[in-house]
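Asker: structure for the following, please:
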Amino acid sequence: MTRSVSLLLGVHAHQPVGNFPEVVEKAHMLCYRPFLQTLHRYPQFKFAAHFGGWLLQWLFDRHPRDMALLREMVVRGQAELFGGGDMEPVLGAIPSRDRIGQLNALSDRLERLVGHRPKGAWLTERVWESGIVPALVQTGIEYVTVDDYHFLCTGKTAEELGGHFITEEEGLSLGLFPISEALRYRIPFAPAGEAVGFIERLAASGNDTGAIYFDDIEKFGIWPQTHEWVYEKGWLTQFIEAVLASPAIRTLRFDEYRAAVPSRGVVYLPSTSYVEMNEWTLPAERAHAYANLVKQERDHGRYERDKAFLRGGIWRNFLSRYSESNWMHKRVLALSQRFDALPPESRSGELRELLYRAQANDAYWHGLFGGLYLPHLRRAVYNAIVELEARLDRLAPRPAFARLDADLDGVEELFLHNAILQIAVRCDADGALIELDSYSLCHNFADTLRRREELYYPRMHMGEHQHFQSEGIASAHDRVSFKHVIEPGDITPDPRPRSLFLDRWQQADASSSAVYVAKPGGGIAFEGNGPGLMLAKQFGIDDNRVTVRYALKAQTAGRFETELNLAMPSCEGSQGRYVFEGGIPGGFGQPLGLPTMTTLSLEDGVLGGTLELLCSPPAALKAQPHYTVSQSEDGFEKIMQAVTLRLTWTVPEGDSSITVALEVRRA
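Answerer: Okay, the predicted model is just below:
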């Protein structure tokens, strides 16, 4: 009897909430459209697909003819659509009530657009935590796909994984399909015949064997070299036709396979994600140690045998590793509580969507792709946070002043807001402003990123190279390339956070930070000192203006400096510019020096507003762009995070005062 193998092939289509429209359009032209058109020509080739909710809606709104192909393939039984969180949150990182809401939102969207309510769900970044099971089951999800690595970590062997399993939590059971890592690295990078041959060899395991693949559709046209490889050189057509011609392979939907083949038993998975993610989530120093250990095991031929026991971190480590990520996450958790506390009739769909958009995963972590390092992705999260907060304030007003440890880092923050602006100041030695929200612009001007050591920095010294798989093409994981020239200063870690009103005092050529202690009371005030200096610092807001007042008492003359790192959406683009005394001395991506100034405007066309800086007495100003270096599928790149303004005053002996204000205006 000829043994056979069932190919369960799924693709995951995703674009980050807040991505540039032209990027999404290009992704459709290079990948989504040709993929759907190719699959539509082969009704016998069954597959599964998952689309994030906002991307699915975007495609139906702008490319209805292409999406009609998807709908037709669902109707004729060729395609199975998977659900998941509507805005692609990491389910384990949001409250249970929001897990249920996000899962139902995408299922409702699929039913409305395609007439199909999903049984399976895609887990964002394949992050598994057992606590998500109840929400999945309660929303009608019967099974999910995770990596085979998850199963190997339980003690299972690779030979045991050619099927599906069951897990449970609180007595609620959920099906689990293990995605083959070997297939992920072959499809679509190895030649089509080689990939099909690998699947055929799996048939030797028995007639109920499943060859399970579920991975990013962007590998079929968007990753470097893949559009030419997959479509112009015909890889996808060759693969489909070879699969359909093989007597050993049959294609099935996941729901068909699960109905026909019994489960292989119960299994309990640890909290984990795919292997690469478990490395990325570690702090750089420990990630280097982990990478060296993995290399050692590979060199000795033991890695495949022992990789389940070489574990890195878990996804939530990103929240402790990046303070910026943790701050966003805790801000959203607090807003979720406020939203849930509203009367049911006040919980509108618009408010709910803002909350769900703020939970979109991409801006909270960093690995092979930009993620947290991409300002427009963080900006999309803050757009939702700030707009949601303003609307909640109108429905359920909160006190104008609050003191709490909002991000659970052991240090309290002071919040002050009116109907136009909000500021948050951390009660640490810097006494700096860490959030500045404009409710009318839905923007946080303090949304920037500290430069810190990353695991991939040493790879920059290797020079450009690609590791090709046999006669195929290189995966983005195996490429080292550069979009920009990287200088040593570009990867030097910042000694202090990138915040606003970060102060420094210099006396007799000895530079030192000013050190503050928060004063008790209902306002935002600090008392501080530096060498030979006593000072007080007070924050206030009035209408659309934030004002910071310094009172200084110096034993001898010195220089006082404050640094502002301002998130301006135009970055180095053509719509961002400085305006000084009626002229335009340059854009945000250019250095600027002014020996004396009292007023400087920062006009931003992307923001749709202006930030005006006012100083009294006049200050010397030095401005420059703040860059970080991240990796992406296209190579290492410098990304502008903020404009850094340094204001300096010569301070006389005795008592003096300085006032700095920021005024926010819509265009």
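Asker: which residues are contacting stretch 409-419?
Answerer: Contact with stretch 409-419 is made by 323, 326, 390, 393, 400-407, 422-428, 434, 437, 439, 518, 523-524, 539-543, as judged by CB atoms under 8 Å, 6 or more residues apart in numbering. C-beta here means a position set from N, CA and C on the backbone, and glycine is covered the same way.
Asker: average pLDDT across it?
Answerer: The pLDDT scores in stretch 409-419 average 97.
Asker: any idea how far apart the tips of that stretch sit?
Answerer: 28 Å (CA to CA, to the nearest Å).
Asker: give the buried residues for that stretch.
Answerer: 412, 413, 414, 415, 416, 417 (16 or more other CB atoms under 10 Å).
Asker: just the buried ones from the contacts of stretch 409-419?
Answerer: Buried among these by 16+ other CB under 10 Å: 323, 326, 390, 393, 406-407, 422-428, 434, 437, 439, 518, 524, 539, 541.
Asker: distance of residue 635 from residue 284?
Answerer: Distance, residue 635 to residue 284, using CB to CB, to the nearest Å: 19 Å.
Asker: what's the burial count for residue 520?
Answerer: 7 (other CB atoms under 10 Å).
Asker: residue 584 versus that one, what's the distance?
Answerer: 45 Å.
Asker: returning to that earlier point: okay, and which of the contacts of stretch 409-419 map to helices?
Answerer: 323, 326, 390, 393 (DSSP state H).
Asker: a markdown table for the residues you listed, including distance to residue 631 and pLDDT?
Answerer: Shown next, in a markdown table, are those (distance: CB to CB, whole Å; pLDDT from 0 to 100):
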| residue | distance to residue 631 | pLDDT |
| --- | --- | --- |
| 323 | 21 | 97 |
| 326 | 22 | 98 |
| 390 | 36 | 98 |
| 393 | 39 | 98 |
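Asker: contacts only, for residue 67.
Answerer: Neighbour list for residue 67: 36, 59, 60, 113 [criterion: CB under 8 Å, 6+ apart].
Asker: out of these, which is nearest to residue 184?
Answerer: residue 36 (21.2 Å; CB to CB).
Asker: excluding chain neighbours, what is closest to that closest one?
Answerer: residue 69 (4.8 Å; CB to CB, 6 or more residues apart in numbering).
Asker: give me the local confidence score for the one you found.
Answerer: 98.
Asker: what residues sit buried inside the helix or strand harbouring it?
Answerer: Here residue 69, judged by DSSP states H and E, is contained in helix 64-75. For helix 64-75, the neighbour count (16+ other CB under 10 Å) marks 66, 67, 69, 70, 71, 73, 74 as buried.
Asker: same question, stretch 173-188
Answerer: 174-184, 186-188.
Asker: repeat for stretch 646-654
Answerer: So stretch 646-654, judged by 16+ other CB under 10 Å, has buried residues 646, 647, 648, 649, 651.
Asker: please save the CA atoms from it in CSV.
Answerer: C-alpha atoms of stretch 646-654 as CSV (Å, rounded to 0.1, in the frame of the first residue of the first chain):
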residue,chain,number,x,y,z
ARG,A,646,20.1,71.4,23.9
LEU,A,647,19.5,74.8,25.5
THR,A,648,22.4,76.4,27.4
TRP,A,649,22.6,79.4,29.7
THR,A,650,25.6,81.0,31.4
VAL,A,651,24.5,81.2,35.1
PRO,A,652,26.0,84.0,37.3
GLU,A,653,26.9,83.5,40.9
GLY,A,654,24.0,83.9,43.3
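Asker: distance between that stretch and the chain's centre?
Answerer: 41 Å (CA atoms, centre = their mean, to the nearest Å).
Asker: could you check the pLDDT of residue 310?
Answerer: For residue 310, pLDDT reads 87.
Asker: contact partners for it?
Answerer: Residue 310 neighbours (CB under 8 Å, 6+ apart): 290, 293, 294, 297, 303.
Asker: what subset of those residues is buried?
Answerer: For those, buried by 16+ other CB under 10 Å: 290, 294, 297.
Asker: adding pLDDT, write the residues you listed out as JSON lines.
Answerer: Formatted as JSON lines, the buried ones among the contacts of residue 310 follow (pLDDT from 0 to 100):
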{"residue": "290", "pLDDT": "90"}
{"residue": "294", "pLDDT": "89"}
{"residue": "297", "pLDDT": "91"}
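Asker: quick one: residue 169 from residue 153, how far?
Answerer: For residue 169, the distance to residue 153 - CB to CB - is 17 Å.
Asker: wait, residue 305
Answerer: 14 Å.
Asker: repeat that for residue 513.
Answerer: With CB to CB as the criterion, residue 513 and residue 153 are 45 Å apart.
Asker: of these two, give the one with the bigger neighbour count.
Answerer: Using other CB under 10 Å as the criterion, residue 513 and residue 153 rank with residue 153 on top: 19 against 15.
Asker: didn't residue 92 look like it was pressed against residue 319?
Answerer: No: the criterion here is CB atoms under 8 Å, and residue 92 misses it with residue 319 at 11.3 Å.
Asker: out of the buried ones among the contacts of residue 310, list just those in strands.
Answerer: Assigned to strands by DSSP state E, none of these qualify.
Asker: now distance to residue 119 too, for these, in JSON lines please.
Answerer: JSON lines is the format used below for those (distance: CB to CB, whole Å):
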{"residue": "290", "distance to residue 119": "37"}
{"residue": "294", "distance to residue 119": "36"}
{"residue": "297", "distance to residue 119": "39"}
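Asker: out of these, flag the one nearest to residue 662.
Answerer: For these, the nearest to residue 662 is residue 290 (42.9 Å; CB to CB).
Asker: I'd guessed the closest one sits against residue 297; true?
Answerer: No: between residue 290 and residue 297 there is no contact under CB under 8 Å: 10.8 Å.
Asker: tally of neighbours for residue 458?
Answerer: Residue 458, neighbours per other CB under 10 Å, totals 12.
Asker: can I take it that it is in a strand?
Answerer: No: assigned with DSSP: H, G, I helix; E, B strand; the rest coil, residue 458 falls outside any strand and is helix.
Asker: run a quick neighbour tally on the nearest residue to it once chain neighbours are set aside.
Answerer: Spatially, and ignoring its direct neighbours in sequence, residue 458 is nearest to residue 288 (7.6 Å; CB to CB, 6+ apart). Neighbour count of residue 288, defined by other CB under 10 Å: 16.
Asker: same deal with residue 95?
Answerer: 15.
Asker: contact partners for it?
Answerer: So residue 95 contacts 333, 336, 340 (CB under 8 Å, 6+ apart).
Asker: and residue 28, backbone torsions?
Answerer: Main-chain torsions, residue 28, degrees, to the nearest 10: phi -70, psi -40.
Asker: use 143 as the first number for this chain going forward.
Answerer: Yep, numbering from 143; the last one is residue 170 now.
Asker: contact partners for it?
Answerer: Here residue 170 is in contact with 201, 204, 205, 208 (CB under 8 Å, 6+ apart).
Asker: pick the one among those residues closest to residue 406.
Answerer: So of those, ranked by how close each gets to residue 406 (CB to CB), first place is residue 201, at 36.0 Å.
Asker: ok but that closest one is inside a strand, no?
Answerer: No: with three-state DSSP as the criterion, residue 201 is located in helix rather than a strand.
Asker: surely it and residue 194 touch.
Answerer: No: using CB under 8 Å, residue 201 is not in contact with residue 194; the gap is 10.3 Å.
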